[in-house]
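S.K.: prediction below, plus the sequence it came from.
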Amino acid sequence: MFGKKSFPLAIDIGSHAVKLVQLVQGKNGTSLGRLGMASLAYGAVSDGAVLEHEEVMRAVEELVSAEKIKEKKVAVGISGKAAIIKTILVPPAEGIAAEEAVAAEADQILPFSIDEARLRSQKIRKVEVDGETMDEYLIIAVRKKAIADTIDLFKHLKFEPMLVDLNFLAIESAYALSGMDEDGEPTALVDIGASETMIHIVQGSRTLMTRYVPLGGASVTQKIGENLKVNRLEAEGIKTGSKPSPSPRAVADAIRSEVERLARELGRTYQMHAQAYPEFQVRRMVLSGGGVHLDGLPGYLAASLDIPVELIEPFRKVDVPSNSFDPDFVDLLSPIAAVGAGLAWRAMAAA
């Protein structure tokens with residue numbers, strides 16, 4: 001008798017929480033198998049680096065235990081800060097010749113040996129340089145050590161990592177999973193995390209630009225603390241609504257000031273992109289990450305930048321069994337679980 005096919009878990013380790021997603025493929029299509037989140041102690045993960053392994057392991061084990069999961073294959077994400085993202089120019093070539101030319105050029109500009117990295121390249125366009133036609137490539141180089149450290153962490157937890165990918169590429173996969181990219185228009189995928197915001201501009205399956213800015217939910221928490229003269233834990237509770245605010249206006253002012261700073265950085269990024277790629281003007285913004293639930297954020301960004309803004313819906317075309325999931329919980333967690341959704345989709349296809 002054939003056993004029931006198993007599907008990998010996708011685990012995303014963020015600064016504030018660990019998110020778990022599992023997608024399964026059945027005769028009726030793709031459905032949501034697992035979805036959960038476990039909080040992390042402050043400082044356990046910072047700037048994409050795991051600083052307190054025991055705390056991360058506790059959160060992962062809490063999720064797995066709560067869901068009564070026995071699956072051992074996992075897909076995991078690593079911070080985009082583990083990667084170097086650059087554009088290079090090489091003479092036109094195809095096949096192995098093009099690969100060798102890209103690798104040789106990358107070796108000249110990377111701050112570490114190409115032998116220490118996993119290199120991914122993507123041709124963007126042809127450009128004229130001093131009357132000569134050149135191919136422009138986007139290269140993504142990830143240190144092998146960052147991948148190895150992630151694999152070691154999950155092997156210690158008795159898991160079998162089958163896929164390790166960069167978070168911004170996982171969000172790109174979640175965007176494709178959602179079906180929101182059907183028109184193929186240049187789109188800014190903006191992930192608002194705790195300590196940073198990622199701006200990943202794509203057109204269809206092409207990456208055009210990726211940039212990180214040091215603004216996120218933590219800066220809002222800090223501003224609330226300063227305005228109300230309370231500690232970080234109290235400020236975080238007030239921000240999330242779990243604690244009453246002694247001054248709703250002060251909280252609103254704190255959120256508005258940080259959102260204004262974020263809007264300025266987004267505008268600056270769009271200007272940089274427009275100068276580099278005038279033929280690929282950004283047509284809309286799709287938000288993900290824990291910061292999407294800041295009061296009034298989508299509307300403010302849309303008005304400030306004069307661009308349509310949506311929240312990502314990674315499970316929009318996925319069957320969500322009503323007997324297993326609370327729809328409100330799925331709606332709330334969907335944009336926060338975008339990395340996990342993208343990882344799960346890729347892992348399911350590879351299973």
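M.R.: Ah, there it is. Numbering: from 1, shown residues only.

S.K.: tell me the mean pLDDT over stretch 74-81?
M.R.: In this model, stretch 74-81 carries a mean pLDDT of 88.

S.K.: flag every buried residue along that stretch.
M.R.: Residues of stretch 74-81 classed as buried under the neighbour-count rule (16 or more other C-beta atoms under 10 Å) are 74-80. C-betas here are computed from N, CA, C, even on glycine.

S.K.: quick one: which of those is nearest residue 106?
M.R.: residue 80 (17.2 Å; C-beta to C-beta).

S.K.: grab the nearest non-local neighbour of the closest one.
M.R.: The shortest distance from residue 80 to any non-neighbouring residue, by C-beta to C-beta, 6 or more residues apart in numbering, is to residue 168 (4.7 Å).

S.K.: quick check: mean pLDDT of the helix or strand where that neighbour lies?
M.R.: Element membership for residue 168, per DSSP states H and E: helix 167-178. The average pLDDT within helix 167-178 is 93.

S.K.: and that helix, what does it pack onto?
M.R.: When contacts are defined as 3 or more C-beta pairs under 8 Å, 6 or more residues apart in numbering; DSSP states H and E, helix 167-178 sits against strand 73-78, strand 187-192, strand 197-203, strand 284-288, helix 338-350.

S.K.: helices of the stretch 151-300 of the chain, residue ranges please.
M.R.: Listed in chain order, the helices found in the stretch 151-300 of the chain under DSSP state H, counting those that start in this stretch are 167-178, 217-228, 232-240, 248-276, 297-305.

S.K.: JSON lines for these, including mean neighbour count?
M.R.: Output for those, formatted as JSON lines (neighbours: other C-beta atoms under 10 Å):
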{"stretch": "helix 167-178", "mean neighbour count": "24"}
{"stretch": "helix 217-228", "mean neighbour count": "20"}
{"stretch": "helix 232-240", "mean neighbour count": "18"}
{"stretch": "helix 248-276", "mean neighbour count": "16"}
{"stretch": "helix 297-305", "mean neighbour count": "16"}
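
S.K.: make a markdown table out of the ones you listed and add distance to residue 97.
M.R.: Below are those laid out as a markdown table (distance: least, C-beta to C-beta, whole Å):
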| stretch | distance to residue 97 |
| --- | --- |
| helix 167-178 | 26 |
| helix 217-228 | 46 |
| helix 232-240 | 54 |
| helix 248-276 | 26 |
| helix 297-305 | 42 |
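
S.K.: any regions of this protein where pLDDT drops low?
M.R.: 1-5 (pLDDT under 70).

S.K.: closest to residue 180 out of the helices and strands packed on helix 167-178?
M.R.: Nearest to residue 180 among the helices and strands packed on helix 167-178 is strand 284-288 (6.4 Å), distances taken as C-beta to C-beta.

S.K.: and which of the buried residues of stretch 74-81 is nearest to residue 117?
M.R.: Nearest member of these to residue 117, counting by C-beta to C-beta, is residue 78, at 13.2 Å.
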